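K.L.:
When you get a sec, could you give me coordinates for this:
(chains A and B)
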Amino acid sequence: MALVETSEAAGPASAQSGYWSGVARRLVRDPVTMICLGIIVALILSAVFAPWLGLADPYKGSMIARLKPLGTEGHLLGTDEQGRDMLARLIYGGRLTLFIGLMPVVLAFFVGSVLGIVAGYAGGITNTVIMRTVDVFFAFPSVLLAIAISGALGAGIVNSLVSLTIVFIPPITRVAEAVTSGVRALDYIDAARASGANALTVIRVHVIGNVLSPIFVYATSLTSVCMILAAGLSFLGIGVRPPEPEWGLMLNTLRSAIYVNPWLSALPGLMIFVTSLCLNLLSDGVRSAMNVRD
Amino acid sequence: MTDKLVDIRNLTVRFKGGRTVHAINDLSLSLDQGETLSLLGESGSGKSVTLKTLLGLLPPKRSEIEGDILVNGTDIRTLSGKALQRYRGGEVSMVFQDPGLALDPVYTVGNQIAEAVMRHKGLRKEEAMDIAFDMLQRVRIPSPERRLKNYPHELSGGMRQRVMIALALACRPRLLLADEPTTALDATVQIQILLLLRDLQREFGMGVIFVTHDIGVAVEVSERIAVMYAGRIVEEGTTHEIINDPRHPYTRGLLAANLHDVAKGERLNAIPGAPPALEAPPTGCSFAPRCPMAGPECTAGVPDFVHLGPRRRVACLRVEPVPAE
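P.N.:
Okay, here's the model as predicted:
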């Protein structure tokens, strides 16, 4: 062991390349994660560029072309109960569903990280106030909490965003607090203070640098839950309002068509399932690719 | 007294909480410019607490500090805010025990050294990186330009400690505090780090307070040794005096509890008993329960220092004020 001191080779091959290129290399070698990434990217791209894809108008119905089965001429995925093109509605629906499925996690990631890092670093009374307040929200199951807040605020996209953000702040705060108080006890925080860094510098440079990736990885694992919750709110009629295309809402309105055309009514559910599964597997893959220190 | 680099007078540190711990009891200590002093003592004798007090790193809410701590003539207990930040790392810096824990794992070694330099000298990133490179050369790391871009986990323990030393010395402090910097390293690397520290101390002319529990290490690096026991200094003198003419029974016990010169199969000389709990302030000599020479008068009051010469003192009733010879 003593000879390591004088020998040239210190680390493995990673000595030349950085941490992130190592993560990327491991990700590329993981086929499941890459497929999931591909599907998610395709969904996001199709949602973003929906108006330029030459699709039918997702709002324009037709009384004579209602509940056409899959593969109908002009309507590849059939039509819904008002005769609107399902393919267009599913792709346009991705816009809203992905937006209210991902945005709350992004917002909660910022708010929760700030709260958790402050609580974890400050300790004492600040920690108690923040963490006990957060604990109150843990008393409610997340679905119930989302329904209660959305119900109180009323239906609408902004209100669903707000309620889902509130639902996801507590778990992220808790994770952020746990990693921060773990990092704060380490010597390099003392070492930074001993070299004259003030509290803000210590937090900005040494705490955030070390806690952000575990918090981020945790947050990605929440996206699939959030998507399902968002769709659930719409399904219950307290999220997105008709006639906006949204997968949860579509699932609800096509519910009655299940006896007439079961495949058609399963489509929005399939989209929700595939998307949340891919998000889940993707976050798992990212987590294991990032989890190789030392 | 302003020529002293460090002058600690009657320092007392107590930790409050579930139970009170009297970590440092009435400690006085001084260090000249450019001098190396070893604080020698076993675990829990207050060595590391003394260092952390010098940097003001103790948690303010849970610790009670009394006494004066003068560094370069300023009482560091009056420092706060910007002045404290300038003092930490600028005037005084510290080398920690475990370099694996004391370096931030998410930044490259060069960035971490440059960060401290930029903070204290107000330099631009490129200039700070030049200084970091220069420091890595001075601590004799092989291929320093590559090491600048390495993360701590890519370096061996000895190299990390060299980086830690480079980081501590980058802003040219007047005083370096070393908290058992070689304990986490294996024996051959230990020697290299000790020799490096000794050379750098001479080169930079700084004062060093070196905390260790290893008397061999203390002899290797320091001119003076202060032996600590239960939050007090029990004996102080030059390294030569401590090694050749130890007066306090605890120092004698430490020197006797040495693996050298012991015949095979013979029992090792250990000091019987264990260090006292520090929950109450001492009322007598803390070492008395373990001392072979203790009498009833030893527990009656805390023994005063007997001064045997300039800067040579022993806190033991059994020591005659004038050397016997």
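
K.L.:
Determine which residue lies closest to the centroid of the chain.
P.N.:
Assuming you mean chain A. In chain A, the C-alpha nearest the mean C-alpha coordinate belongs to A:Thr223, at 2.2 Å (Cα atoms, centre = their mean).

K.L.:
Oops, wrong one, chain B.
P.N.:
Geometric centre of chain B, nearest residue: B:Val211, 2.7 Å, by Cα atoms, centre = their mean.

K.L.:
B:Phe210 - that's part of a strand, no?
P.N.:
Yes: applying DSSP: H, G, I helix; E, B strand; the rest coil, one finds B:Phe210 inside a strand.

K.L.:
give me every residue that touches it.
P.N.:
If you count contacts by Cβ atoms under 8 Å, 6 or more residues apart in numbering or on different chains, B:Phe210 has them with B:Thr36, B:Leu37, B:Ser38, B:Leu39, B:Ala178, B:Pro181, B:Leu197, B:Val217, B:Ala218, B:Val221, B:Ser222. To be clear about C-beta, it is placed using only N, CA and C from the backbone, and glycine gets the same treatment.

K.L.:
give me the number of residues near B:Thr182?
P.N.:
The local packing of B:Thr182 (other Cβ atoms under 10 Å in any protein chain shown) involves 25 other residues.

K.L.:
what sits against it?
P.N.:
B:Gln161, B:Val189, B:Gln190, B:Ile193, B:Leu194, B:Thr212, B:Asp214, B:Val217.

K.L.:
Now with 6 Å, please.
P.N.:
B:Gln190, B:Ile193 (Cβ atoms under 6 Å, 6 or more residues apart in numbering or on different chains).

K.L.:
Likewise for B:Arg198?
P.N.:
Per Cβ under 6 Å, 6+ apart, neighbours of B:Arg198: B:Val221.

K.L.:
and the contacts of B:Phe210, which of them are in strands?
P.N.:
Assigned to strands by DSSP state E, the following of the contacts of B:Phe210 qualify: B:Thr36, B:Leu37, B:Ser38, B:Leu39, B:Ala178.

K.L.:
Look up how far B:Leu177 lies from the first one.
P.N.:
Remark: distance between B:Thr36 and B:Leu177 (Cβ to Cβ, to the nearest Å) = 12 Å.

K.L.:
which residues are in contact with both of these two?
P.N.:
Shared contacts of B:Thr36 and B:Leu177, counting by Cβ under 6 Å, 6+ apart, come down to nothing at all.

K.L.:
how many neighbours does A:Leu212 have?
P.N.:
A:Leu212 is flanked by 16 other residues according to other Cβ under 10 Å.

K.L.:
Kindly report the same for A:Gly74.
P.N.:
Here the number of neighbours of A:Gly74 (other Cβ under 10 Å) works out to 9.

K.L.:
what are the phi and psi values for it?
P.N.:
Dihedral angles of A:Gly74 (phi, psi; degrees, to the nearest 10) stand at phi 90, psi -20.

K.L.:
can you give me the helices in the stretch 151-294 of chain A?
P.N.:
Assigned by DSSP state H, counting those that start in this stretch, the helices in the stretch 151-294 of chain A fall at A:157-184, A:187-194, A:199-201, A:208-235, A:247-253, A:262-290.

K.L.:
Show me what the second one is in contact with.
P.N.:
Okay, so that is helix A:187-194. A:Val202, A:His206, B:Leu55, B:Arg88, B:Met94, B:Phe96, B:Leu101, B:Ala102, B:Leu103, B:Asp104.

K.L.:
Pull out the CA atoms of that helix and give them to me as PDB.
P.N.:
The C-alpha atoms that make up helix A:187-194 are tabulated as PDB, following Å, rounded to 0.1, in the frame of the first residue of the first chain:
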ATOM      1  CA  ASP A 187     -14.800  17.000   7.900                       C
ATOM      2  CA  TYR A 188     -14.700  18.900   4.600                       C
ATOM      3  CA  ILE A 189     -17.400  21.300   5.800                       C
ATOM      4  CA  ASP A 190     -15.300  22.000   8.900                       C
ATOM      5  CA  ALA A 191     -12.200  22.200   6.600                       C
ATOM      6  CA  ALA A 192     -14.000  24.800   4.400                       C
ATOM      7  CA  ARG A 193     -15.000  26.800   7.400                       C
ATOM      8  CA  ALA A 194     -11.400  26.500   8.800                       C
END
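
K.L.:
Rounded mean pLDDT for it, please.
P.N.:
For helix A:187-194, mean pLDDT is 84.

K.L.:
now it, how far from the centre of its chain.
P.N.:
Helix A:187-194 sits 34 Å away from the centroid of its parent chain (Cα atoms, centre = their mean, to the nearest Å).

K.L.:
angle of it against helix A:208-235?
P.N.:
Between helix A:187-194 and helix A:208-235, the angle comes out at 120 degrees (axes from the mean of the first three to the mean of the last three Cα atoms, to 10 degrees).

K.L.:
Tell me how many other residues crowd the residue nearest to B:Leu37 when sequence neighbours are not counted.
P.N.:
In this structure, B:Leu37 finds its nearest non-sequential neighbour in B:Arg224, 4.7 Å apart by Cβ to Cβ, 6 or more residues apart in numbering or on different chains. By the criterion of other Cβ under 10 Å, B:Arg224 has 21 neighbours.

K.L.:
what helix or strand is B:Val163 on?
P.N.:
Assigned by DSSP states H and E, B:Val163 belongs to helix B:157-169.

K.L.:
Is that helix in proximity to chain A?
P.N.:
Yes: Helix B:157-169 reaches chain A (Cβ under 6 Å from any Cβ of the partner chain) through B:Gly158.

K.L.:
For that helix, what does the pLDDT average out to?
P.N.:
Summarised as a single mean, pLDDT over helix B:157-169 is 89.

K.L.:
And for stretch B:181-192?
P.N.:
Mean pLDDT, stretch B:181-192: 84.

K.L.:
okay, now B:Ile113: neighbour count?
P.N.:
By the criterion of other Cβ under 10 Å, B:Ile113 has 29 neighbours.

K.L.:
which parts of the stretch 151-294 of chain A sit against chain B?
P.N.:
Within reach of chain B by Cβ under 6 Å from any Cβ, the stretch 151-294 of chain A has these residues: A:Leu186, A:Asp187, A:Tyr188, A:Ala191, A:Ala194, A:Ser195, A:Gly196, A:Asn198, A:His206, A:Gly209, A:Asn210, A:Asp294.

K.L.:
For the third one, which non-adjacent residue is spatially closest?
P.N.:
Sequence neighbours aside, B:Asp104 is the residue nearest to A:Tyr188 in space, at 4.5 Å (criterion: Cβ to Cβ, 6+ apart).

K.L.:
all strands of chain B, in order?
P.N.:
Along chain B, counting by DSSP E, strands occupy B:4-15, B:21-32, B:36-40, B:63-71, B:74-75, B:92-95, B:175-179, B:207-212, B:224-229, B:232-238, B:306-309, B:312-314.

K.L.:
so where is the stretch 151-294 of chain A shaky, pLDDT-wise?
P.N.:
Scanning the stretch 151-294 of chain A for pLDDT under 70 picks out the ranges A:291-294.

K.L.:
and the longest helix that chain A contains, what does it pack onto?
P.N.:
The helix that spans the most residues within chain A, counting by DSSP state H, is helix A:86-122. In terms of contacts (3 or more Cβ pairs under 6 Å, 6 or more residues apart in numbering or on different chains; DSSP states H and E), helix A:86-122 is packed against helix A:31-48, helix A:124-138, helix A:157-184, helix A:208-235.
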